[in-house]
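In: I would like the atomic coordinates for the input below:
(2 chains)
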Amino acid sequence: MSIKFNNVSYIYSPGSPLEKKGLDDVNFEIKDNSFVTIIGHTGSGKSTLMQHFNALLKPSSGSIEIAGKVITPETKNKNLKELRKHVSIVFQFPEAQLFEDTVIDDIAFGPKNFGYSEKKAKDVAKEWLEKVGLDPEIGNKSPFELSGGQMRRVAIAGVMAYQPDILCLDEPAAGLDPQARKQMMNLFVEYQKAGHTVILVTHNMDDVAQYADDVLVMEHGKLIKHDIPKNIFADRTWVKKHYLNEPTASMFAAYLTDYNFDENPLTIDKLVDEIKSNLRK
Amino acid sequence: MSKIIIGRYIPGNTLIYKMDPRGKLLATIFFVCIIFLANNWLSYSIICLFSLLAVWATKLKPKVFWDGVKPLIGLIFFTSLLQLFFTSGGEVYWKWWIFTCSSYGITNAVYIFIRFTLIILISTVMTVTTMPLEIADAMEWILTPLKIFKVPVDKIALVMSIALRFVPTLFDETFKIMNAQRSRGADFNNGGLIKRAKAIAPLLVPLFINSLQTAVDLSTAMEARGYRGSEGRTRYRVLNWSKYDLYNLGYFVILTVLLLIFRTH
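Out: Now for the predicted structure:
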């Protein structure tokens, strides 16, 4: 399931005094089964872009090809369920979407909506409850008895349970403890390796460096760069100019002025390798 | 998304925007009273002229005002028709069963129509040029004398401003939850009444829980910053009278005097 944006623009409250461009002539293509990250500072249009992936927002002009469907400004709001089964979004702080009596029922809500039988929905709910690293015991508890971190996992399980081909996540690890964060990221990487596309909106450049195959950089509603992480972070001044950060490993490497790096190390592993080979010389 | 307009305020910078909300609110109430002074064609023309001048002074598109009148147009016509058919007196042109159409009826119908429309126009002028929070502040000021009767005016005002402040937040929250549930395959637009009522639970439950959480957080934050009731507090938004309010006052004095002179005694 590849994604293709053709000259997509989106305007908020058109015709009113508060009219504002959310997206400005965005063009790109994402390959099937890739791990994509979207970066850019606050208000750059990342979330607006993401809401186009499953037609929660429709372009004001241009068209989007996604999961065998073409979305244009004229696309009707009906019959989008099929698309949303294939392309799903986990919003920022998704714990705010929990509502059912029990954790299992809440995770089963999505699957049931997308045509799973009652029994099958509960089965996948139990399966994903464990996959996100929660104790099966809590399945019968109310989601509101859980801790913030647990609620977050339940909410994410609620979307992954129906296995969308394209999974979009808006800062899924914000506010989680480091351990939980790592588990989360591993879960997404595994999901991608199992043959899905994962799109991650993030401010964490280490995640970008470590996991992404493809990076989209947004600024003022425009797509200003679309490349692999290595090329994104290649130009230090460009990164600074656009209010982005370098990955921790690159920043560290920049201090090691006596060392010779074959290439800018983006991850800790790479950095360690480079330092080792320098020491051997 | 956080820029949803509440009320009908439209940002602008013309003369009327610079007037004090207290003055504007009082003037609107006063206008509703003095419009009853008009009782002949000349006095109605004067008040029409003054109202249209106020509308023009906002420099906003006519559509804004049409949007203000539109929802009430049915009521206006209905009331005018009642006047038209049930007023007796003057020359009778047409009569059937209990309905009569007389010269008095026609004049009265037109007067009522003008009166209604002008009241809506003037209150629209006020609401589109004044932020809801300013209106709340102005209402607090007007209600201040009630303190003598132990009415907790400042508390009421605090409740009003907090409520107004959180309308856009709730809107945002609603949209966010709707989008999240839509992503999970919820359908808010299709199906029969029962299906739709059921579809609303995934929206309402999180919304209620979030609002309660927000309320608790807000009260904690207020207490953490030393809020101990409104007694003796200074204000963040200070209302100041300015020369523009003299224009407002002058405008209404002239209008009232003209109406008093030209009405039929």
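
In: burial of A:Leu223, as a residue count?
Out: Other residues near A:Leu223 number 22, with proximity taken as other Cβ atoms under 10 Å in any protein chain shown. All C-beta spots, glycine's among them, are computed from the backbone N, C-alpha and C.

In: who's in contact with the residue in chain B positioned nearest to chain A?
Out: Residue of chain B nearest chain A, by Cβ to the nearest Cβ: B:Gly185 (2.9 Å). The contact partners of B:Gly185, by Cβ atoms under 8 Å, 6 or more residues apart in numbering or on different chains, come to A:81, A:84-85, A:109-110, A:113-114, A:162.

In: mind showing which ranges of the stretch 101-250 of chain B have poor pLDDT?
Out: Scanning the stretch 101-250 of chain B for pLDDT under 70 picks out the ranges B:230.

In: close to chain B: what parts of the stretch 1-150 of chain A are there?
Out: Contacts of the stretch 1-150 of chain A with chain B, taken as Cβ under 8 Å from any Cβ of the partner chain, map to A:12-13, A:16-18, A:20, A:51, A:54, A:56, A:77-78, A:81, A:84-85, A:88-91, A:94, A:96-99, A:109-110, A:113-114, A:144.

In: wait, which of the contacts of B:Gly185 is closest to B:Thr130?
Out: Using Cβ to Cβ, A:Arg84 is the member of the contacts of B:Gly185 that sits closest to B:Thr130, with 41.8 Å.

In: which SS state does the residue positioned nearest the centre of chain A fall under?
Out: In chain A, the C-alpha nearest the mean C-alpha coordinate belongs to A:Leu200, at 1.8 Å (Cα atoms, centre = their mean). Recorded secondary structure, A:Leu200: strand (DSSP: H, G, I helix; E, B strand; the rest coil).

In: got a list of what it touches?
Out: A:35-38, A:168-169, A:172, A:188, A:207, A:211-212.

In: residues of the top helix by length along chain A that come out buried?
Out: The longest helix of chain A (DSSP state H) is helix A:178-193. Within helix A:178-193, the residues scored as buried using 16 or more other Cβ atoms under 10 Å in any protein chain shown are A:180-181, A:184-185, A:187-188, A:191-192.

In: just stretch B:54-64 next, same as before
Out: Neighbour counts over stretch B:54-64 (16+ other Cβ under 10 Å) mark B:54-55, B:57-58, B:60 as buried.

In: and the contacts of that stretch?
Out: B:8, B:10, B:12, B:14-17, B:65, B:121-122, B:124-125, B:128-129, B:251.

In: what does the stretch 151-265 of chain B put close to chain A?
Out: So the stretch 151-265 of chain B meets chain A at B:173, B:176-177, B:179-187, B:189-190, B:201-202, B:205-206, B:209-210 (Cβ under 8 Å from any Cβ).

In: helices - which of those residues land there?
Out: Among these, the members found in helices (DSSP H) are B:173, B:176-177, B:179-183, B:201-202, B:205-206, B:209-210.

In: buried members of those residues into PyMOL, please.
Out: Buried residues among these (16+ other Cβ under 10 Å), as a PyMOL selection:
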select buried, chain B and resi 173+176+177+179+180+181+182+183+202+205+206+210
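
In: just give me the neighbour total for the residue of the stretch 1-150 of chain A at minimum distance from chain B.
Out: Proximity to chain B, evaluated over the stretch 1-150 of chain A using Cβ to the nearest Cβ, is greatest for A:Asn113 at 2.9 Å. Neighbour count of A:Asn113, defined by other Cβ under 10 Å: 21.

In: would you map the strands across the stretch 1-150 of chain A?
Out: For the stretch 1-150 of chain A, the strands defined by DSSP state E, counting those that start in this stretch occupy A:3-12, A:20-30, A:35-39, A:61-66, A:69-71, A:87-90.
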